[in-house]
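Just need the structure, nothing else, for what follows:
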Amino acid sequence: RRLALLGMIAYYYRRVRANNRVISAQKEQLNALNVAKNQLFAMVAHDLKSPVMALQRAQRKLSLALSQTDQAQAQSLAAENEHITSNTFRLLNNVLHWAMEQTEQLSFVATPMPVQQLLAQVVYDYQELVRAKGLTLVQDFEVAAQVEVDANLMKIVLRNLLDNALKFTQTGGTITLQATETGDTVMLTIADTGVGMTAEQQAGLFSLTEHEVRPDTEGRKSTGLGMLLCQRLVARHHGNITVNSEVGKGTQISIQLPIFLDVEVL
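Below you'll find the predicted structure:
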């Protein structure tokens, strides 16, 4: 009986210790999530404050221009308002998708899709934006490969990367969208001839706590949340994302995805 009692005590002691380790690990994870959440809210609040204030100022100027029948000034201010609201919408969209991804509420339905079709659909929406900034868009993605993706989520990734290329490339620069097949993977690359990044900026690109905010070609700053979202969404597709950049020479961001192989055809 004594041995049985000692055995039971030892068993429950081990269980308590194991439970305590689990609770401790969960507590650390929760604390880390809270830190990231607080930092995210602070960054988003900061990013939203500037465009909203700019929109208010532009709206007042627009009202004044209209009252003075200054058509040229009114058109210029209306275009500025549209630019500000578009950027703010993209930020809110990223926040929404980030929150849904973090809480595992983001729908994910992957289906086979030709790489050319995926990239062509995204590029179509950017033709006018590229021309408006005086940039050149090079398209080099004539590959036969298919990838198994959630088209909506992968388009979010590609749009974020193209948005960044637009923001950080000066007028007269070039943005290249390329796809290449290597073995059983396909590499999607978005390269620009923009301002580039330091090694420190690249190191913190996928971190909320170490991210270094940098201004775009018009002096505006952003949270960098889009890159974090891109990394998470690419990982959900069993892919990876890499960055190669140099100050003054531009940035190249590559997404490596597994090629879809139709087993029935094989």
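
Tell me where the stretch 51-200 of the chain has strands.
Per DSSP state E, counting those that start in this stretch, the stretch 51-200 of the chain carries strands over the ranges 111-114, 136-140, 146-149, 174-182, 185-192.

Can you tell me which of those is nearest to residue 9?
strand 146-149 (53.5 Å; CB to CB). All C-beta atoms are positioned from the backbone trio N, CA, C, and that covers glycine.

Quickly list the domain ranges of this structure.
When the chain is parsed into structural domains using automatic domain parsing, the resulting residue ranges are 7-102, 111-258.

Among the strands of the stretch 51-200 of the chain, which comes closest to residue 92?
The minimum distance between residue 92 and those falls on strand 185-192, with 22.8 Å, by CB to CB.

buried ones in stretch 118-128?
By neighbour count with 16 or more other CB atoms under 10 Å, stretch 118-128 contains the buried residues 118-119, 122-123, 126.

so which of these would you say is closest to residue 252?
For these, the closest approach to residue 252 (CB to CB) belongs to residue 119, at 15.9 Å.

Just confirm the closest one contacts residue 158, I think it does.
Yes - the pair residue 119 / residue 158 is scored as a contact, 7.3 Å apart, by CB atoms under 8 Å.

anything in contact with each of these two?
Contact criterion CB atoms under 8 Å, 6 or more residues apart in numbering; residues shared by residue 119 and residue 158: residue 188.

ok, back up a step: could you save the buried residues of stretch 118-128 as TSV and add columns showing pLDDT and distance to residue 254?
Formatted as TSV, the entries for the buried residues of stretch 118-128 read as follows, by pLDDT from 0 to 100; distance: CB to CB, whole Å:
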residue	pLDDT	distance to residue 254
118	95	15
119	96	14
122	92	16
123	92	17
126	87	19
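
how about those residues in a markdown table, adding distance to residue 150?
A markdown table is the format used below for the buried residues of stretch 118-128 (distance: CB to CB, whole Å):
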| residue | distance to residue 150 |
| --- | --- |
| 118 | 11 |
| 119 | 15 |
| 122 | 14 |
| 123 | 19 |
| 126 | 20 |
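
how far away is residue 142 from residue 116?
Distance from residue 142 to residue 116, counting by CB to CB, to the nearest Å: 7 Å.

Looking at those two, which is more packed in?
Regarding residue 142 and residue 116, a neighbour count based on other CB atoms under 10 Å identifies residue 116 as having more, with 16 against 9.

Okay, that one and residue 59: tell me how far apart.
To residue 59, residue 116 is 42 Å away according to CB to CB.

ok, back up a step: what is the most widely separated pair among the buried residues of stretch 118-128?
Farthest pair in the buried residues of stretch 118-128 (CB to CB) is 118 and 126. Separation: 13.8 Å.
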